[in-house]
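**Student:** Next input, structure requested:
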Amino acid sequence: MQTYLSLGRCAAFIAASVLAAEAAKATSLSGRASLLRSLTSGDKLPVSLENIETALLALEKQRGTPGLTNTVTEIHKMVTHMEMMVQQQARLTQETLDQAWSDFTSCQGLYEAASHDLQSVDSLAKDHAKCRLEESSLKIELEACESELTARTSSEVQRKNEFDALNKFPASGFCNHRSNSHEYATVRGYIKHFRDHFASQLNSWESAFNASNTAAQMKLEKARECYGGDQKRDGMGGKDAAYNAKRLDCQKLQVRLEDAACDRIAHRTDCVAYVMCYQSNFKAFFDEGKAKETALLQSQKQHTEYRGLGRIKCVLDAYSKYADGDSLTQSIADCQKGDADQTFVQIELPDKKPGAMPANNTGCLSQNSAEKPGTQAFTQEMYKKLISPDDAVHWDNVKQDVLTCRGRCCASPAEATV
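**Tutor:** Residues are numbered from 1 along each chain as shown. Here you go, the predicted structure:
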């Protein structure tokens, strides 16, 4: 912007040099030196207009002379050129101010509060820990059931082996016995012999048979209790199904917890970028000596220059019209009261437009952040500390599943050691 002013001063200086000889002779007109200052309504005379004052003094000396017209024309061209430069400076001032404002308002695009569904990570962590404790309890029940099933399976095998040992035809000659009742002193003795020979064998077989069947039935009942009707550990029935269903529920809750932590991290990342942008660009626009104040000062200077140039043109028009006499003097005096159209140099403050000021969301930093899922810090804080505060057995029961990170921003292997 100063480049344009320097060009103006240069042009003014050239024109003033042409008239320097005449100006030197006009010492009696030194009182006219205040003319230009009066044309700028008492404002400090801009540097860009100082040399024109010299030219106007020379112009005053040429009143009524043949060279007046040419001098007026030359000065008029110079003033018109300077008006164009002031207008160009005003446009540049507005563009610079608008760009600073755009930089400030663009920060809003870095953070949108509504884009982050911030759930309570701590609350979800407690719900997840409660779920995992229930899962651990169901696992303990399943393992106890399986332990009992193992014992009953062993008992079944033992009873079956005992039965198999008796479940055979007797050896040859087993049925040979004394059949003459006269060999016995009493009937009781004969019956007792028959019982000892056949009935004890039958009783042993029936006892072993019943024991084997009972053991098999008890094993079947326990297998169904542990695994359901198919008696398989496939998560489809019995205590196995209850444990598996709870484990799946806990996995889903863990995904919600870890995704919520990811939301917190994304929220804070966006928030930090927004706050840094907002604060730096706010200062760049509003602070003392920055964009807004600089633009206002430049605009004030441009108004002064443009008003002065307009009144100078008014004086030049008066010289062109009257050349000399009281009418010229009066016209010059009237020029001091006039104001040129300053629409061209009118600055517009973007922050003063209705609704222009963006919302201040820098309070987003007050939201608590969260560690990244999959790191040691996250595991310790959100899982282990809550799941096994008193009894490590629960952590041992679920840790393999818990340590499988399921969130959408799980730590890399390098980060996982943090």
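
**Student:** mind checking the longest helix of the protein?
**Tutor:** Selection of the longest helix in the chain by residue count, based on DSSP state H, yields helix 238-286.

**Student:** Return the distance of the helix or strand that comes right after it from the chain's centre.
**Tutor:** The helix or strand immediately downstream of helix 238-286 is helix 291-322, counting by DSSP states H and E. Remark: helix 291-322 is offset 50 Å from the chain centroid, using Cα atoms, centre = their mean, to the nearest Å.

**Student:** Which positions in helix 291-322 come out as buried?
**Tutor:** With burial defined by 16 or more other Cβ atoms under 10 Å, the residues of helix 291-322 counted as buried are 291-292, 295, 298-299, 301-316, 318-319, 322. Bear in mind the C-beta positions are built from the backbone N, C-alpha and C, glycine included.

**Student:** Name the nearest residue to Glu162, ignoring sequence neighbours.
**Tutor:** Nearest in space to Glu162, with sequence neighbours left out and distances taken as Cβ to Cβ, 6 or more residues apart in numbering, is Ala208 at 5.1 Å.

**Student:** was I right about that neighbour contacting Asn161?
**Tutor:** No: taking contacts as Cβ atoms under 8 Å, Ala208 lies outside contact range of Asn161: 9.6 Å.

**Student:** These two: which is more packed in?
**Tutor:** Ranked by neighbour count (other Cβ atoms under 10 Å), Ala208 and Asn161 place Ala208 first, with 19 against 11.

**Student:** Now that one: which helix or strand?
**Tutor:** Applying DSSP H and E as the criterion places Ala208 in helix 200-227.

**Student:** From the contact counts, what lies against that helix?
**Tutor:** Contact analysis of helix 200-227 by 3 or more Cβ pairs under 8 Å, 6 or more residues apart in numbering; DSSP states H and E lists helix 121-166, helix 238-286 as its packing neighbours.

**Student:** what's the spacing between that helix and its chain's center?
**Tutor:** With Cα atoms, centre = their mean, you get 67 Å for helix 200-227.

**Student:** just the angle between that helix and helix 238-286, please?
**Tutor:** Orientation check (axes from the mean of the first three to the mean of the last three Cα atoms, to 10 degrees): helix 200-227 against helix 238-286 gives 10 degrees.

**Student:** one step back: okay if I get the helices and strands packed on helix 200-227 as a markdown table plus mean pLDDT and distance to Ala356?
**Tutor:** Output for the helices and strands packed on helix 200-227, formatted as a markdown table (pLDDT from 0 to 100; distance: least, Cβ to Cβ, whole Å):
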| stretch | mean pLDDT | distance to Ala356 |
| --- | --- | --- |
| helix 121-166 | 95 | 37 |
| helix 238-286 | 94 | 12 |
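
**Student:** I'd like these laid out as TSV, including distance to Leu202.
**Tutor:** Shown next, in TSV, are the helices and strands packed on helix 200-227 (distance: least, Cβ to Cβ, whole Å):
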stretch	distance to Leu202
helix 121-166	10
helix 238-286	39
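
**Student:** Glu83: which of those helices is closest?
**Tutor:** Glu83 sits nearest to helix 238-286 of all those, at 29.2 Å, using Cβ to Cβ.

**Student:** and that closest one, what does it pack onto?
**Tutor:** helix 68-105, helix 121-166, helix 200-227, helix 291-322, helix 392-402.

**Student:** repeat that with 10 Å
**Tutor:** helix 68-105, helix 121-166, helix 200-227, helix 291-322, helix 376-379, helix 392-402 (3 or more Cβ pairs under 10 Å, 6 or more residues apart in numbering; DSSP states H and E).

**Student:** Just name the most buried of those.
**Tutor:** Highest mean neighbour count among the helices and strands packed on helix 238-286 (mean count of other Cβ atoms under 10 Å): helix 291-322, with a mean of 20.

**Student:** got the angle between that one and helix 68-105?
**Tutor:** Using the same axes, to 10 degrees, the inter-axis angle of helix 291-322 relative to helix 68-105 is 160 degrees.

**Student:** Any regions of the stretch 301-418 of the chain where pLDDT drops low?
**Tutor:** Applying pLDDT under 70 to the stretch 301-418 of the chain picks out residues 323, 338-342, 344, 367-370, 416-418.

**Student:** ok, now how distant is Asp390 from Thr80?
**Tutor:** From Asp390 over to Thr80 the distance is 91 Å, taken as Cβ to Cβ, to the nearest Å.
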